[in-house]
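Student: my questions concern the predicted model and sequence given below.
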Amino acid sequence: LNTIDPDDKKAQEAAFYAAGLQVAALLQHEFVHERYQYSRSIDPIVGVSFTGLFDFLVHALGYEWLRWMMQGRPDNRAAKLFVNKERSFLSRWRKAAHDGVVAYCEKHGIRTPNRITTVQPAGTKSLLTGASSGWHPPKAQRFIRRITLGVNDPLVPALLEHGYSVIPAQSARDDDGNLLDDISDPRVHEVLVEIPTEVSWANIPGCDEFDLARLPVEAQYGLYMSVQQYYTDHNTSATIELRENEIETLSKLIFETIENNGGYISAALLARFDALEVYPRLPFEPISKERYDELIAIQEISGETDEDFLTTLNKYDSSEWSIESVAGCTNAACLAKADADEREKGV
């Protein structure tokens, strides 16, 4: 959704209609096991999902919507406008997805599912377009995204050559449990590539003044339930992050929704923490605009090649290279390994 113009209703509806056609085509699949085939024949299920909703809504509704969210979605004069806008988007997308599935099933004489829309976590797919995952807010407007790779993955030297920071992963520790710092150390089997990331709306005036780690639990729950009520037929994958002082607030919200038959099904709950130094090298590390600009500048300066990334990657996609050849070999353990290798070759 972060790649679609919020003002282009036709593009939005076409995307969800196409997604409906895509998932409906999977109903042609023939299962090997008869019981699966029978189960699908009496209760066909498909799932049209989306990702990047939070980004989309910031682009669509601007700084004012984000400020309202950061205030906990209070029931004020703006609430009716924003909730109606969310409902309008979600309902139209739901209808478009249903239309695509129904059109396909009717044309091919397939039983139409009675549940069509859902929201899945979509963490990996979200990374492909820089989208916030599912309906969730991003971790910050700007952050370091760390992705784990095997130390012998040919992506590692290619990333280094293009100026990315690559450091040992959480699993790379010495005998005392301390994190290692040198990726050429033979005790390092996994590494982290550090990617400075900026959400698509970070530079909209005023939008970077908020700390998304402080997004109230009421706002998260409210947006989640908006998606559940106006878009989702199945369940909406949801992880709600909260602090200890928000437990009673969230408990009350869930209780009241269930008591009033508001459509709540389930959500995962995750405790927030703010001490990044206690858990170094996290998958996401929020950073300031100044730090982001600094990292981008370093990356641009330290990149040593004018090649496109695929050309560089193909150069290393063989068994001929070693991590020492591209990262250097300066620590004692690595030098000892190099000496041993030389002695073995001499023999």
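Tutor: It's in. Numbering: from 1, shown residues only.
Student: where does pLDDT dip in the protein?
Tutor: Counting by pLDDT under 70, the chain shows low-confidence ranges at 275-278, 319-347.
Student: ranges for the strands of it?
Tutor: Secondary structure of the chain by DSSP state E: the strands cover 142-150, 165-168, 190-198, 239-242, 268-271, 284-286.
Student: for Glu294, find the nearest of these.
Tutor: strand 190-198 (8.8 Å; Cβ to Cβ). For every residue, glycine as well, the C-beta is placed using N, CA and C.
Student: which other helices and strands contact the closest one?
Tutor: Packing partners of strand 190-198 (3 or more Cβ pairs under 8 Å, 6 or more residues apart in numbering; DSSP states H and E): strand 142-150, helix 155-161, strand 165-168, helix 289-302.
Student: for Leu212, which of the ones you listed is the nearest?
Tutor: Minimum separation from Leu212 across the helices and strands packed on strand 190-198 (Cβ to Cβ) falls at strand 142-150, 9.5 Å.
Student: chain neighbours aside, what residue packs nearest to Glu13?
Tutor: Nearest residue to Glu13, sequence neighbours excluded (Cβ to Cβ, 6 or more residues apart in numbering): Ala96, at 4.2 Å.
Student: likewise for Val58?
Tutor: In this structure, Val58 finds its nearest non-sequential neighbour in Trp201, 4.4 Å apart by Cβ to Cβ, 6+ apart.
Student: can you tell me which residues contact that neighbour?
Tutor: Asp55, Val58, His59, Gln141, Cys207 (Cβ atoms under 8 Å, 6 or more residues apart in numbering).
Student: roughly how far apart are it and Val23?
Tutor: Trp201 is 29 Å from Val23, where distance means Cβ to Cβ, to the nearest Å.
Student: ditto for Ile144
Tutor: Where Val23 is concerned, Ile144 sits at a distance of 35 Å (Cβ to Cβ).
Student: do the same with Leu212
Tutor: 31 Å.
Student: ditto for Asp308
Tutor: When Asp308 is compared with Val23 (using Cβ to Cβ), they lie 34 Å apart.
Student: same check, this time on Gly62
Tutor: 32 Å.
Student: got it, and Ala268?
Tutor: Distance of Ala268 to Val23, given as Cβ to Cβ: 24 Å.
Student: who has more neighbours, those two?
Tutor: Val23 (21 against 10; other Cβ atoms under 10 Å).
Student: residue contacts, that one?
Tutor: Per Cβ under 8 Å, 6+ apart, neighbours of Val23: Val46, Gly47, Val48, Val101, Ile116.
Student: pick the one among the residues you listed closest to Ala14.
Tutor: Val48 (13.2 Å).
Student: bridging residues for that closest one?
Tutor: Under DSSP bridges, the beta-bridge partners of Val48 are Thr117.
Student: can you count the residues close to it?
Tutor: Val48: 28 neighbours (other Cβ under 10 Å).
Student: over to Gly109?
Tutor: So Gly109, with other Cβ under 10 Å, has 6 neighbours.
Student: Ala103 too?
Tutor: For Ala103, using other Cβ under 10 Å, the count is 15.
Student: now do the one 5 residues further on
Tutor: Look at His108: counted by other Cβ under 10 Å, it has 11 neighbours.
Student: same thing with Pro286?
Tutor: 18.
Student: now swap in Arg243 and tell me
Tutor: 14.
Student: nearest residue to it in space, please, no chain neighbours.
Tutor: Arg272 is the one closest to Arg243 (Cβ to Cβ, 6+ apart), at 5.2 Å.
Student: who touches that neighbour in this structure?
Tutor: Ala213, Glu241, Leu242, Arg243.
Student: now neighbour count too, for the contacts of Trp201, in TSV please.
Tutor: As requested, the contacts of Trp201 are exported to TSV (neighbours: other Cβ atoms under 10 Å):
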residue	neighbour count
Asp55	22
Val58	25
His59	20
Gln141	25
Cys207	18
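Student: hmm, which two among those residues are most spread apart?
Tutor: Maximum distance among these (Cβ to Cβ): 13.5 Å, for His59 and Gln141.
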